[in-house]
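>>> got a sequence here, can you model it:
(one chain, ligands or ions: 1)
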Amino acid sequence: MISPVWHPFTQHGLNEPVPLVSRTEGAALHTADGRRIVDAISSWWVTTHGHRHPRIMAAIAAETERLDQLIFAGWTHAPAEQLAQELIAIMPAALAHVFYSDSGSTAVEVALKMALGYWLNIGEPRHRILTLAHGYHGDTIGGMSVGARGVYNRAYQPLLFDVGTLPFPEGDGRSTLDALEAAARAEDKPAALIVEPLVLGAGGMLFYEAAVLGEMRAICARHGILFIADEVMTGWGRTGTLLACEQAGVVPDILCLSKGLTGGAVPLAVTMASAAIYEAHLSDDRGRMFFHSSSYTANPIACAAAVANLAVWREEPVTERIATLIERQRVRLARVAALPGVSNARHCGTIAAMEIGGNDGYLADIQPRLYAFFQSRDVLLRPMGNTVYVMPPYCIDEPDLDRCYDAIAEAAARFA
Ligand SMILES: *Cc1c(COP(=O)(O)O)cnc(C)c1O
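Alright, predicted model coming up:
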């Protein structure tokens, strides 16, 4: 029977197999036809501790005994209140307010709207957003506008709003910082800079120095440009610290979190904002309230899952697991780095990346061949062009990690 399901980022005309997964556990996907696949990309960067973490599953089950979905405009519930308190306690102190939504893309839309609302409400309207080249901030029109342009948004490009794009920070980031300084002094004053801290994920696992992140933040502070940290991917330990911003001592004005917020179990996002941004919307004038909501804002079951995720962070040795994974990745990456066919092996926290063979961009022929090859080895690795990266859940054990790197070594020999 032909499935009516239209999958994301999938060319159905190529009739590539779409495996049916019937169970997930830890770092593994179990398919209906009896295969056990190592989930080496955390189901597209969301699963942090491992699939179906018992504590998070139990919290979801327990919450269904009390609440399902509740209007959040003017109403509230315990899981959202508790989660907000706990986030305020562990995130940088200046981030005093928590706005809920349900995906990374919406967290970014909210951040951009908050920034623009701030400038309008303080009586200095600004509309220009600055971004980094090769950035990715989601697939909604606003998210695409502040992200890199390419084949994946070609059809919509005329509708995307204009942004100021800073060069990707190579080395000491001089050209990026100079471009930021120049943009800050321009006539058309920037409202905000949005960045992925330390790692540009979908742009090809491009890493840059913490010092450059710190400098970008400092320049924004000096010129009164709002600094938005999109930690949708980098948050929750991926780069080795809870937030990537920590490594640069950076506190943003606005912080976007999603993916690992519930441990990757169910969709939820938050946009955290400074008091200044909140207060710019605070008034007895209803015309100045923050005009954004989605139907499922702060879904109680999702909030309960996130509260359980925070308990896992507090009460389980998550930091130690991350440190162990970093070390295990480092050793294995060093082993494949020297192979012919592998270039530019690099790592940032729990994320390891490299290029295999030549590079012809996102639609490079090598991509589907690598992807299929890894699947034939029962490993879920989904290269971007010829960039192969390993970003597993923190619970992955050594045999499963070996399986990934054995497959990478074999691929390097085959596709060099
Ligand atoms: C994945 C991602 C997003 C979009 O998140 P969705 O939940 O897929 O909408 C935004 N920003 C970054 C940095 C991401 O990696």
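>>> and the gap between D284 and the ligand?
35 Å (Cβ to the nearest ligand atom, to the nearest Å). Where you see a C-beta, it was placed from the backbone N, CA and C, and this is true even at glycine.
>>> count the residues that sit near that residue.
Using other Cβ atoms under 10 Å, D284 is surrounded by 5 other residues.
>>> also V21?
When neighbours are counted by other Cβ under 10 Å, V21 comes out with 16.
>>> so for it, what's the nearest residue that isn't a sequence neighbour?
Closest residue to V21 apart from its sequence neighbours, by Cβ to Cβ, 6 or more residues apart in numbering: L29 at 4.8 Å.
>>> so, low pLDDT: which residues of the chain?
359-364 (pLDDT under 70).
>>> repeat the analysis, applying 50 as the threshold.
Low-confidence segments of the chain, defined by pLDDT under 50, are absent.
>>> which neighbouring elements make contact with the top helix by length along it?
What stands out as the longest helix in the chain, according to DSSP state H, is helix 318-337. On a contact count with 3 or more Cβ pairs under 8 Å, 6 or more residues apart in numbering; DSSP states H and E, helix 318-337 meets strand 342-348, strand 351-356, helix 398-415.
>>> ok, which residues in the stretch 251-400 of the chain are in contact with the ligand?
Within the stretch 251-400 of the chain, the residues that sit near the ligand (Cβ under 6 Å from any ligand atom) are S258.
>>> quick revisit: name the residues that touch the longest helix of the chain?
Residues from elsewhere that reach helix 318-337, judged by Cβ atoms under 8 Å, 6 or more residues apart in numbering: 49, 237, 240, 312, 342, 345, 347, 349-352, 354, 390, 392, 394-396, 398, 401-402, 404-405, 408-409, 412.
>>> can we see that at 6 Å?
By Cβ atoms under 6 Å, 6 or more residues apart in numbering, the surrounding residues in contact with helix 318-337 are G237, G240, V342, A345, H347, T350, A352, Y394, L401, Y405, I408, A409.
>>> in this structure, what residue lies closest to the ligand?
Closest residue of the chain to the ligand, Cβ to the nearest ligand atom: G104 (2.1 Å).
>>> now that residue. Its backbone dihedrals?
Per-residue torsions, G104: phi -60, psi -40 (degrees, to the nearest 10).
>>> so what's it up against?
G138, V232, S258.
>>> ok so I37 is a strand residue?
Yes. Counting by DSSP: H, G, I helix; E, B strand; the rest coil, I37 is located in a strand.
>>> quick check: it touching D378?
Yes. Using Cβ atoms under 6 Å, I37 makes contact with D378 at a distance of 5.2 Å.
>>> neighbour count winner among those two?
A direct count of neighbours by other Cβ under 10 Å for I37 and D378 places I37 higher, at 20 against 16.
>>> what strand or helix carries the closest residue to the more buried one other than its chain neighbours?
Closest residue to I37 apart from its sequence neighbours, by Cβ to Cβ, 6+ apart: L29 at 4.4 Å. Following DSSP states H and E, one finds L29 within strand 28-31.
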